[in-house]
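Colleague: Provided below are the primary sequence and the corresponding predicted coordinates.
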Amino acid sequence: MTILDKTPEGPETGTTHATHKPARQSAQSGTDAGNRPPASNAFLDRFFHITKRGSTLAREFRGGLVTFFTMAYIVILNPLILGGFSADNAPTDVAGGWLSAAQVGAVTGLTAGVMTILFGLIANLPFGLAAGLGINSFLAVAVIQEVTWAEAMGLVVINGILIVLFGVTGARTAIFRAVPRELKAAITVGIGLFIAFIGFVDSGFVRSTAGGPPVQLGDNGSITSVPTLVFIVGLLLMGILVARKVQGGLLIGIVATTVLAAVVEAVFQIGPATEANPGGWHLNTPVLSGQLVSAPDLGLVGQFDLFGAFGRIGALAATMLVFTLVFTNFFDAMGTMTGLAKSAGVAHKDGTFPRLKSAFIVEGVGAVAGGATSGSSNTVYIDSAAGIGEGARTGLASVVTGVLFLGSMFLTPLTSVVPLEVAAAALVVVGAMMMAQIREIKFTKFAVALPAFLTIVTMPLSYSIANGIGVGFVSWVVIGAASGKAKKIHPLMWVVTAGFLVYFARGPVSALLGA
């Protein structure tokens, strides 16, 4: 039971991956052998509804491991985005301040671990939480050009408080329920396409071009780097294992491909990707070196200024920054949870899922916690789909992932062994799994087809879940109203669409308000 949401668990409908039991399996059916869970596991089974959701302890632990391995890059990447090792290689704020990469790495693991465990215990869903890549980049590139790091993190805390209030009052749940079923399905498909595109880009399989098309295959249309070749091998291996319904296929694939990457690095000495070495490993080089254990520096915890930005740049400018943070955080998480719940087979026919309100509230608390620790807003990660693809169906998998995140504070060298190219292969496989939801969209009705299509393609093309949802909302309302179906559109859809119009025009609006 949860202290936040008394919504009953079942019935739980939706799709489940072919390698797992149907989500409707009776709680009395027991484990894979058809017996009741052993007494030692009975408490976990009852608390997390493991057999009720057609899962097992083994699947939950494997799923938690896979989710961690596919998310572990954030412990390395977040410090590189927000901080550095000196003022010369770190984003500096208006006062010349900067964040230590070591400290950011420590609070990244701490906050992700605590919030993911909390989410698993309260929301009982297999979703991992960590610092959101969209918001941390926005902070490092735009926000600190106007305020200090402490003031920027204060804005993140305010953003989180507002999201929690939306969750507590039920406003967030009401908006979620107002979204048409077909649009929710399009969000899921769009996220699947988005994470597959992320995998292709992170692996170097798809690259930008200096001129001509925006993207291309590899380098000038060819696969030229060994790390990208390792990605392809990993993708095919994981695909084969999943197609053959091998239990633990994704985890086996990640471990095997990491071993392959380590052997390749030892033989060819490829090194990290740089301007001088564009064919190197992205983010993590698969080498285990140096000390394995180090004490984390948590000096950034509590280093935020809640209202400093309002005094520095004025109430209007600060409010627009908060508005941008809230909209990005709010709809990114909503879309991600929609897709993950459907992928896990725990979504109901209307797209809702068990403990919906609890999930929204805890995710909002993640934003508050991220700002309070200076690690940026924590939100649900689409990478959790990898663990779901491995069989995770309950919050026990999140607890496993969270514990590993806490351990990552002490084991950063071990965390960095899995190269980004290996995690990218898992994302592409999971993206393919999520595409199955496209069957719920009635493409024969163009008033449905166009908004759904725009939602799906905007996410990868603009590299933003929130943008895809916004385009879907606006096009659904405009086309529906112009087609004579205005009365069938939920009033909240109109309200949110108006908000998205402001969101999309926030640059000119901010300039106008500043004038």
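Modeller: Great, that's in hand. Note that the structure is predicted; figures quoted are calculated from it, not measured.
Colleague: mind listing the helices for the stretch 201-350 of the chain?
Modeller: Secondary structure of the stretch 201-350 of the chain (DSSP state H, counting those that start in this stretch): helices located at 226-243, 249-268, 308-313, 315-344.
Colleague: contacts for the shortest one next, please.
Modeller: Right, the one you point to is helix 308-313. 94, 146-148, 150-152, 154-155, 318, 321 (CB atoms under 8 Å, 6 or more residues apart in numbering). All C-beta spots, glycine's among them, are computed from the backbone N, C-alpha and C.
Colleague: from H348, how far out is L492?
Modeller: Noted for L492: a distance of 19 Å to H348, by CB to CB, to the nearest Å.
Colleague: shaky segments in the protein?
Modeller: 1-40, 134, 247, 289-291, 412-416, 510, 513-515 (pLDDT under 70).
Colleague: what's the closest non-adjacent residue to the residue minimising distance to the centre of it?
Modeller: Of all residues in the chain, the one closest to the mean position by CA atoms, centre = their mean is Y381, 1.7 Å from it. Leaving aside its chain neighbours, Y381 sits nearest to G128 (5.0 Å; criterion: CB to CB, 6 or more residues apart in numbering).
Colleague: also G249?
Modeller: In space, G249 is closest to L241, 3.2 Å off (CB to CB, 6+ apart).
Colleague: quick one: contacts for that neighbour?
Modeller: Contacts of L241 were listed using CB under 8 Å, 6+ apart, and they are 249-250, 252-253.
Colleague: so what's the residue count around the residue nearest to L217 when sequence neighbours are not counted?
Modeller: The shortest distance from L217 to any non-neighbouring residue, by CB to CB, 6+ apart, is to V206 (6.7 Å). By the measure other CB atoms under 10 Å, the count of residues near V206 is 17.
Colleague: OK, contacts around V206?
Modeller: V206 neighbours (CB under 8 Å, 6+ apart): 197, 200, 215-218.
Colleague: just the ones in strands from those, please.
Modeller: Judged by DSSP state E, the subset of the contacts of V206 located in strands is 215-217.
Colleague: ok, back up a step: turn the contacts of L241 into JSON lines, including distance to A367 and neighbour count.
Modeller: Shown next, in JSON lines, are those (distance: CB to CB, whole Å; neighbours: other CB atoms under 10 Å):
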{"residue": "G249", "distance to A367": "34", "neighbour count": "24"}
{"residue": "L250", "distance to A367": "29", "neighbour count": "28"}
{"residue": "I252", "distance to A367": "35", "neighbour count": "17"}
{"residue": "G253", "distance to A367": "33", "neighbour count": "27"}
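Colleague: I'd assumed S343 was in contact with I388.
Modeller: Yes: counting by CB atoms under 8 Å, I388 touches S343, with 5.0 Å between them.
Colleague: neighbour count winner among those two?
Modeller: I388 (31 against 27).
Colleague: please name every helix or strand in contact with the helix or strand containing the more buried one.
Modeller: Secondary structure from DSSP states H and E places I388 in helix 384-389. Packing contacts for helix 384-389, counted by 3 or more CB pairs under 8 Å, 6 or more residues apart in numbering; DSSP states H and E, involve helix 57-71, helix 181-203, helix 315-344, helix 395-408, helix 420-434.
Colleague: looking at those, spot the one closest to I163.
Modeller: When the helices and strands packed on helix 384-389 are ranked by distance to I163, counting by CB to CB, first place goes to helix 315-344 at 6.0 Å.
Colleague: which element follows the closest one toward the C-terminus?
Modeller: helix 356-372.
Colleague: CA atoms of that next one as PDB?
Modeller: Written as PDB, here are the backbone C-alpha positions of helix 356-372 (Å, rounded to 0.1, in the frame of the first residue of the first chain):
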ATOM      1  CA  LEU A 356      -0.800   7.300 -11.100                       C
ATOM      2  CA  LYS A 357      -1.100  10.200  -8.600                       C
ATOM      3  CA  SER A 358       1.700   8.800  -6.500                       C
ATOM      4  CA  ALA A 359       4.000   8.500  -9.500                       C
ATOM      5  CA  PHE A 360       3.400  12.100 -10.400                       C
ATOM      6  CA  ILE A 361       4.000  13.400  -6.900                       C
ATOM      7  CA  VAL A 362       7.200  11.400  -6.400                       C
ATOM      8  CA  GLU A 363       8.500  12.500  -9.800                       C
ATOM      9  CA  GLY A 364       7.900  16.100  -8.700                       C
ATOM     10  CA  VAL A 365       9.800  15.500  -5.500                       C
ATOM     11  CA  GLY A 366      12.700  14.400  -7.700                       C
ATOM     12  CA  ALA A 367      12.800  17.800  -9.300                       C
ATOM     13  CA  VAL A 368      12.900  19.400  -5.800                       C
ATOM     14  CA  ALA A 369      15.700  17.000  -4.700                       C
ATOM     15  CA  GLY A 370      17.700  17.600  -7.800                       C
ATOM     16  CA  GLY A 371      17.700  21.300  -7.300                       C
ATOM     17  CA  ALA A 372      18.400  21.000  -3.600                       C
END
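Colleague: from the chain's centroid, how far away is it?
Modeller: 14 Å (CA atoms, centre = their mean, to the nearest Å).
Colleague: can you check stretch 360-377 too?
Modeller: Distance of stretch 360-377 from the chain centroid (CA atoms, centre = their mean) equals 14 Å.
Colleague: cool, and stretch 309-319?
Modeller: Here stretch 309-319 shows a centroid-to-chain-centroid distance of 29 Å under the convention CA atoms, centre = their mean.
Colleague: got the buried residues for it?
Modeller: Judged by neighbour count using 16 or more other CB atoms under 10 Å, the buried positions of stretch 309-319 are 309-310, 312-313, 317-319.
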